[in-house]
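# Could you look at this predicted model? Sequence included:
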Amino acid sequence: MFRQLCDRLHAILRPASAKNGKGKLRHPADALTSGYRDLRRLTDQIKAHAERAPYPHVAARLRQMASEKERAVGVLKEKILGMGGALEEPHAAPRSGKNHWERMVQDLEDQKSLEAFLLERATLLADDAPEIGDLLSRIVADQGAHRDILLDLVARADPQAEQS
């Protein structure tokens, strides 16, 4: 049922977007599902890294960031379920590192990757499914602050420290 609805939406909207030569997504809902999975995994990863942070203020900052990401995860979940989709919780273990600096670098890299993925999907969906494209664009805009926070934490972390 969900796939049929997506196929119909795609068939209806495709002619308008075929004129501009952009790449297309087969199912617009796939962008939401993939974004949900990746954002959920990164949220869990940042929570795990907050538990291992070397200083209370760093842990608090990471927990706050995870809480904000949790809200974005909820928005994506609500949209997916509202479209009749199903969700699979991510099964991948959070990525880590041998010290705080490596963990922060991993979080920053994953954050940048997530933003690039969501922005690409938002651009591809701008014509075919503008509501979904706008939602993904808003999430990317909100996530920009997290990238800046992680960049600051990486800059302040000592890569030579052997903290666990």
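Received it, and whenever you're ready, just let me know what you need.

# Please tell me how far stretch 62-71 is from the chain's geometric centre.
The chain centre lies 12 Å from the centre of stretch 62-71; the measure is CA atoms, centre = their mean, to the nearest Å.

# contacting residues around it?
39, 42-43, 46-47, 49-50, 53, 142-143, 146, 149-150, 153 (CB atoms under 8 Å, 6 or more residues apart in numbering). For glycine as for every other residue, the C-beta is placed from the backbone atoms N, C-alpha and C.

# cutoff 10 Å now
39-40, 42-53, 73, 103-104, 107, 111, 114, 139, 142-143, 145-146, 149-150, 153 (CB atoms under 10 Å, 6 or more residues apart in numbering).

# which of those residues count as buried?
By neighbour count, with 16 or more other CB atoms under 10 Å, these hold 39-40, 42-50, 52-53, 73, 103-104, 107, 111, 114, 139, 143, 146, 149-150, 153 as buried.

# So which residue is dead centre in the chain?
Leu39 (3.4 Å; CA atoms, centre = their mean).
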